[in-house]
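Chemist: Sequence first, then the predicted structure:
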Amino acid sequence: MGGRCFAVLCVVLASLGGVAADAAAVAVQELRRGFSAAHDGSNSQFEPVLSDPAGVFALGFLRVNATMLDLAVLHLPSSFPLWRAIPDRPAQWFARASLSFDGDLVLTDRAANKVLWSAGAAGDRVVLLSTSNLQIQSGSSPGVVWQSFDRPSETIVQGQNLTSAAALYTSDRRFAMRLGTNYFGLYIEPPPSSSGGVAVAMYWKHTALEAKAQIVAGGGPTYVRVEPDGYLAMYQKEGPPADVLPFDTFNHGVKAIRRMTLEADGNLRAYYWDRNGSRWVLDYTAITDPCDLPSTCGAYAVCVPPSGRCACLANATDGSGCAAVSGGGEGGGGGGLCGRTGGEVGGLYWEVRRQRVEPANKELLPFEHSPSAADCEARCARNCSCWGSVYNNGTGYCYFMDYPAQMMVAADERKVGYFKVRSLEEAGSGGGGGGRVAGVKVALLAVGVTVLAAAAAFGAYRVWKKRCRAAADASRQVGADDDGLSPGPYKNLGSFSSVELSSSFRG
């Protein structure tokens, strides 16, 4: 037994060279009632507490974002967290924290005398399996009373079932992966400050083909699982899968640890561990076009394919994003969008109109047939939960968004967009809201005067630029979808003449 423990400690120390020997010494293979381990902030990144039998995985205190403390299960050879507790109110890395087990596994900030996270279970021991599954087990039936495989964070590993009862979230909870009855999708999550005024927005969807097995209504929940042969399978019951999403190594005989992670940019990627190269090898990417990712340009911006360059729907920016976002457009303020426009006293939003744009995820949006762009706009304007609409003059379809405008891409002249933007008065905290709205009106008036003075010169410039563009090298052409974007991040989109604010802002 002593030799086995020594081998485990050697693996831990070799994989995490900065971990002190006394911290590694407490990495055991089972936690019993009465166990407690104090966090030692002097260690650099990770303090192991519990190890799996082979010493490949460890549970311990993890340092995240340079300053914060979390509880995590690490893949030791790569130092990659396969599971994280992600407390709602995390503590600082140097906090006096401890991990204890007395039936329930609890992470505590001792200085503040508060529980940071708990499993909410009652068992007799805690073990970490060779699959990386952290379990609280009981001597009586059922044997497993809690397991990390049922409570994933950003990642699922080979052999782990992800059911509709759980979801994958990015660590900042901006994006999520969830299962439906016969599909799974990626979603933009409403910010905590939205107070119900913003809906979740699906931006990617994969529907089961049901070629080998049918999904039966009422036949039980569906689940997905990363399989060792290099694919993600969807099941309703064990047997032939209802759907197979192949990775690059599908049936290539690669035998390795596999994982699928919802990453910080909102993309879903799969990897396998290359033991010879000692690295995670990318094996699948759900979204390959940058304009199809909500993180590429953010809210109130337009992405120009194929380059992925960004432009604002309306105002100029400070370089960190479109100016509308700082006015609360990305969830600031709660409730619906009922009330007067921002140009009026007590108004809730401004209105922005933009041509040549459309949602990248329009196939996932609700739509109706509409006789005109004006009718499409009116339907959204009188809908308290509608944040924007886009009308296609070619098809007559009117698409609706119940979240602040995101995933917008440059399109042809047939597409016309109408968007609501939270006013500064509604989004701001404390007093002075009316002054901020008045300031916005004055600023917009000044912009309008400037635009009128420069309109003729700008029109001539556009004609000249189009002629130059037609003769330029093909690799430097932007095309009709660009509408005259200058290189660089977050430029104003095209001509000011195609951006129209509500009449209340035009004095």
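Modeler: Looks like it arrived, so ask away.
Chemist: hang on, E377 in a helix?
Modeler: Yes. Assessed with DSSP: H, G, I helix; E, B strand; the rest coil, E377 lies in a helix.
Chemist: Tell me who's in contact with it.
Modeler: Applying C-beta atoms under 8 Å, 6 or more residues apart in numbering to E377 gives the contacts 353, 389, 391, 418. (C-beta placed from N, C-alpha, C; glycine too.)
Chemist: hmm, 10 Å instead?
Modeler: 351, 353, 370, 386, 388-391, 398, 416-419 (C-beta atoms under 10 Å, 6 or more residues apart in numbering).
Chemist: Could you work out the most separated pair of those?
Modeler: In these, two members sit farther apart than any others by C-beta to C-beta. They are E351 and S370, at 17.5 Å.
Chemist: Leaving out sequence neighbours, find the closest residue to the one residue sitting closest to the centre of the chain.
Modeler: Computing the C-alpha centroid of the chain and ranking residues by C-alpha atoms, centre = their mean puts F175 first, at 2.3 Å. Excluding its sequence neighbours, the residue lying closest to F175 (C-beta to C-beta, 6 or more residues apart in numbering) is G266, at 4.1 Å.
Chemist: who touches that neighbour in this structure?
Modeler: Taking C-beta under 10 Å, 6+ apart as the test, what G266 contacts is 170, 174-177, 186-189, 203-204, 286-287, 292-296.
Chemist: On the pLDDT front, check it for me.
Modeler: pLDDT, the model's per-residue confidence, is 97 for G266.
Chemist: Pretty sure the residue nearest to the centre of the chain sits against I287.
Modeler: No. Under the criterion of C-beta atoms under 10 Å, F175 makes no contact with I287, lying 11.1 Å away.
Chemist: overlap in contacts of those two?
Modeler: By the contact definition C-beta under 10 Å, 6+ apart, F175 and I287 are jointly contacted by 186, 203-204, 265-268, 293-294.
Chemist: Write the ChimeraX selection for whichever of those residues are buried.
Modeler: In ChimeraX, this line selects whichever of those come out buried by 16 or more other C-beta atoms under 10 Å:
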select :186,203,204,266,267,268,293,294
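Chemist: Looking at the shared contacts of F175 and I287, which are in strands?
Modeler: 186, 203-204, 268 (DSSP state E).
Chemist: Next, format these as TSV and append distance to G218.
Modeler: Shown next, in TSV, are these (distance: C-beta to C-beta, whole Å):
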residue	distance to G218
L186	26
Y203	29
W204	27
L268	28
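Chemist: Can you list the low-confidence ranges for the protein?
Modeler: 1-26, 193-197, 315-321, 323-348, 423-507 (pLDDT under 70).
Chemist: Tell me where the stretch 101-250 of the chain has strands.
Modeler: 105-109, 114-118, 125-128, 134-137, 144-147, 155-157, 161-163, 168-169, 175-179, 183-188, 201-207, 223-227, 231-235, 243-246 (DSSP state E, counting those that start in this stretch).
Chemist: For R259, find the nearest of those strands.
Modeler: Nearest to R259, of the strands of the stretch 101-250 of the chain and by C-beta to C-beta, is strand 155-157 at 4.8 Å.
Chemist: Pull the residues that contact that closest one.
Modeler: For strand 155-157, using C-beta under 10 Å, 6+ apart, the contacting residues are 57, 73, 75, 80-84, 131-133, 149, 162, 166, 168, 177, 224-226, 232, 257-263, 270-271.
Chemist: count of neighbours near the nearest residue to Q214 once chain neighbours are set aside?
Modeler: Of all residues not flanking Q214 in the chain, A242 sits nearest, at 6.8 Å (C-beta to C-beta, 6+ apart). Residues within reach of A242, counting by other C-beta atoms under 10 Å, total 22.
Chemist: What distance do you get for A242 to L232?
Modeler: Note on A242: its distance to L232, by C-beta to C-beta, to the nearest Å, is 12 Å.
Chemist: shared neighbours, those two?
Modeler: With C-beta under 10 Å, 6+ apart as the test, A242 and L232 both reach V224.
Chemist: are any of the contacts of strand 155-157 buried, and which?
Modeler: 57, 73, 75, 80-84, 131-133, 149, 162, 166, 168, 177, 224-226, 232, 257-262, 270-271.
Chemist: the domain parsing of the chain - what is it?
Modeler: Domain assignment of the chain by automatic domain parsing yields the ranges 1-150, 152-288, 297-505.
Chemist: quick revisit: I'd like the contacts of E377 written out as CSV, with secondary structure added.
Modeler: Shown next, in CSV, are the contacts of E377 (three-state DSSP):
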residue, secondary structure
E351, strand
R353, strand
S370, coil
C386, coil
G388, strand
S389, strand
V390, strand
Y391, strand
C398, strand
V416, strand
G417, strand
Y418, strand
F419, strand
